[in-house]
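Trainee: mind folding the following:
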Amino acid sequence: MAKPKFEPLVSVDIGSFSLKFIFIQPDEEGKPVVKALSHIRIPSFAHMLTEEERSGMSKEDVEKDTTAKVNKFLTKYLTELLYDNQILTKKGITLAGGRTATIRYIEIPPSPNKELLSANIKAEASKQMPFSIENAVLGFTVLGETVRDEKAVQQVVVAALQKDFLKISTENLKGGGLLNEGIVILPQTLEILLGKKLSPPAGKELKIGIIHCGHKTTSIMVYRNGALNFFRDIPLAGEHITEAIFAGGELEGKKIEIADLEEAIELKHKIGVLPPDEMKKLSGKERFAAQQIFNIVEKILQHIQLSISFYASQFGESGLDRIYLSGGSAAMKNFRDFIGESMDIPAELINPFADLDHQKVNFPPERMTEEGPGIAPSVGMAMYNGDARFINFIDIVQPNRGSQGVDVTKVTQKFSASGSSKLKINLDLTFLTQLDERKLKILLGLVGVLLVLIVSFPVIKIRKDVAETIKEQQAASNQLQDLNNAQTEVQKILQEKERLGQENHFIDIINAQGFPFSAVLLELASSTPDFIYLTHLEFFPEKEGKGFRLSGNTENSDKIFEYLNILGKCSLIKSPVMTSSQEQKIDDNRYYISFEISGKVEIPQKKEKTGEEQQ
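Mentor: Sure thing, here's the model as predicted:
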């Protein structure tokens, strides 16, 4: 049996909560075997600081202190894991997740060549990324082609990685003695892991949802017939549940205090998601924790439902056939049942070790079952084999790193000492011997003065010429400024005259367009809710398929989706689509979303007047 191509890399997933370390190697038959597996909690160094220590530190000092401690922690454990498991390879791979990488599914017109394709993708991606792509590494993969509104389009998954993360991840691996051979994105690690489960049976359609509930963010993905058609990150996940419990509060008039972060984490995993009726059986800290868990998970569910509804409305699709769950928070008790029953869709926790030989690995079997959904992306990452379909940011930044070399034999000497020129000056200085010492001194003094005058004359003349030139240039500059001012005034007068002339015929121009400006404005004004702040509106009455484009601000992305649903129900507005959105930072804890929506305007048919109406 031929061995499949399989490049073993050490999978190192450094999250904000834990370190996941996995190494998978093919056996003699080419089947993947788990050789090393470790899941280590990263201490919350910021929470471990005492009040006395914090009082003398700024926010920047806390961040620097935490970063230094995390780096020391990673160096220690990565070195030990490589040594203890006798791993000889020095090549590692890591994951770009959370806010470090932004992922979008886009559709663009077909491009005839790679250069134009790249340019079109970059232009479309710049509209949809929450940060400038000039400060990011851009990667994409073309999924195929489809038809939208009777036009062919290319389906593309595009990802932008912040350049800072590229440096940080490389340094983290370097501390443990590993070369950074790969930075991949979350959806594709799960694609590697799930494999054929995402593909439909012959002749059928299959729509799969993947919900990854991690530490800081929850990622929502929709796959149609094996291809990613929707991706969205929401800033709500396990950390928010832990922090809500840890913050404490009141329950039935009694103050609830949680000792430390460890107790909050223990309560979260012990209790899990309980319905309100079950909560009543609990008391004290446990009941308080159950309420906080349910409140956050319910909000996560609302985001999931809204995202799936938006996907269905945008693409004209029906519901999902199945949901797969991954991430550490997805392994909470009853989380799977709560999501599946609430959405009325079969839900399944991902078991990353189901099809892998893991019998010889030194890892407790009960932990493998409990922590499997959280380790799932890391296992998929360890099975990465350089497939060109997948985005690897290291390949983008260093495309020729495997073939670079230096040929020192081609270095030659460029200069030689041969061919030096000689300058001969013949002077008859015999007359100097006939002069006494006094005359000789006078002669040398005169020669010195003469030399000073000769050298000084060009300098004096140049300074005089420069002064005169500067004076003339200043005068010319003043004259030019006067002319420019006069020309500007004339242009303003001409422009004002032209504007006034155009306004005389403004009503005629509006009527000639045959476009219901006032009706659309009235409908937008009446249907725009209080949580949307519109800043710009533009109509395109002259184009085929008359349309509009509007811009505005709102609190979060959910509000945009709600607004799209409202616009979709308007009589004159058709096919509203969000073309871009960007997160605008107010301060360290607050932000708002600026967005742009475009769509078409349906022109109402004019009714022909009856004979009586004409009379």
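
Trainee: report the secondary structure state of the most centrally placed residue in the chain.
Mentor: With distances taken as Cα atoms, centre = their mean, the residue of the chain nearest its centroid is T102 (2.8 Å). Here T102 is recorded as strand under DSSP: H, G, I helix; E, B strand; the rest coil.

Trainee: what sits against it?
Mentor: Taking Cβ atoms under 8 Å, 6 or more residues apart in numbering as the contact definition, T102 lies against 129-131, 136, 159-160, 233. Backbone N, C-alpha and C define where each C-beta goes, glycine included.

Trainee: quick one, which of those residues are buried?
Mentor: Buried by 16 or more other Cβ atoms under 10 Å: 129-130, 136, 159-160, 233, out of the contacts of T102.

Trainee: make JSON lines out of the residues you listed and add pLDDT, secondary structure and distance to I93.
Mentor: As requested, these are arranged in JSON lines below (pLDDT from 0 to 100; DSSP: H, G, I helix; E, B strand; the rest coil; distance: Cβ to Cβ, whole Å):
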{"residue": "M129", "pLDDT": "79", "secondary structure": "coil", "distance to I93": "24"}
{"residue": "P130", "pLDDT": "75", "secondary structure": "coil", "distance to I93": "26"}
{"residue": "A136", "pLDDT": "87", "secondary structure": "strand", "distance to I93": "20"}
{"residue": "A159", "pLDDT": "91", "secondary structure": "strand", "distance to I93": "15"}
{"residue": "A160", "pLDDT": "91", "secondary structure": "strand", "distance to I93": "19"}
{"residue": "D233", "pLDDT": "89", "secondary structure": "strand", "distance to I93": "21"}
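
Trainee: widest-spaced pair of those residues?
Mentor: A136 and D233 (15.3 Å; Cβ to Cβ).

Trainee: can you list the low-confidence ranges for the chain?
Mentor: Filtered on pLDDT under 70, the chain yields the residue ranges 1-6, 401-441, 452-453, 455-463, 465-466, 501-515, 542-545, 588-589, 604-615.

Trainee: give me the domain ranges for it.
Mentor: What automatic domain parsing lists as the domains of the chain is 10-397, 514-601.

Trainee: just those: most buried one?
Mentor: For the domains of the chain, the largest average neighbour count (mean count of other Cβ atoms under 10 Å) is found in domain 10-397, namely a mean of 17.

Trainee: chain center to that domain, what's the gap?
Mentor: Relative to its parent chain, domain 10-397 has a centroid offset of 14 Å by Cα atoms, centre = their mean, to the nearest Å.

Trainee: before we move on, what about stretch 478-494?
Mentor: On Cα atoms, centre = their mean, the centre of stretch 478-494 falls 47 Å from that of its chain.

Trainee: next one: the residue lying closest to I14 once chain neighbours are set aside from S16, what distance?
Mentor: Leaving aside its sequence neighbours, I14 sits nearest to N172 (Cβ to Cβ, 6 or more residues apart in numbering; 5.7 Å). Separation of N172 from S16 (Cβ to Cβ, to the nearest Å) stands at 13 Å.

Trainee: do the same with Q314
Mentor: For Q314 relative to S16 (Cβ to Cβ), the value is 32 Å.

Trainee: over to K216?
Mentor: 6 Å.

Trainee: common neighbours of the two, please.
Mentor: Counting by Cβ under 8 Å, 6+ apart, the residues touching both K216 and S16 are 98, 239.

Trainee: turn the domains of the chain into JSON lines, columns for distance to Q479.
Mentor: Below are these laid out as JSON lines (distance: least, Cβ to Cβ, whole Å):
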{"stretch": "domain 10-397", "distance to Q479": "42"}
{"stretch": "domain 514-601", "distance to Q479": "42"}
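
Trainee: nearest to S477, out of these?
Mentor: Using Cβ to Cβ, those put domain 10-397 closest to S477, at 36.5 Å.

Trainee: quick check: S169 touching T94?
Mentor: Yes. Using Cβ atoms under 8 Å, S169 makes contact with T94 at a distance of 5.0 Å.

Trainee: any common contacting residues for those two?
Mentor: Counting by Cβ under 8 Å, 6+ apart, the residues touching both S169 and T94 are 14, 180, 183.

Trainee: quick check: the first one vs S581, distance?
Mentor: If I follow you right, that is I14. Separation of I14 from S581 (Cβ to Cβ): 28 Å.

Trainee: could you do A486 as well?
Mentor: Distance from A486 to S581, counting by Cβ to Cβ: 47 Å.

Trainee: just E243 next, same as before
Mentor: 26 Å.

Trainee: repeat that for S313.
Mentor: From S313 over to S581 (counting by Cβ to Cβ), the distance is 17 Å.

Trainee: again with E468
Mentor: E468 sits 61 Å away from S581, going by Cβ to Cβ.

Trainee: just R499 next, same as before
Mentor: In terms of Cβ to Cβ, R499 sits 35 Å off from S581.

Trainee: turn the contacts of T102 into a markdown table, including distance to D344.
Mentor: Shown next, in a markdown table, are these (distance: Cβ to Cβ, whole Å):
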| residue | distance to D344 |
| --- | --- |
| M129 | 34 |
| P130 | 32 |
| F131 | 37 |
| A136 | 39 |
| A159 | 32 |
| A160 | 35 |
| D233 | 24 |
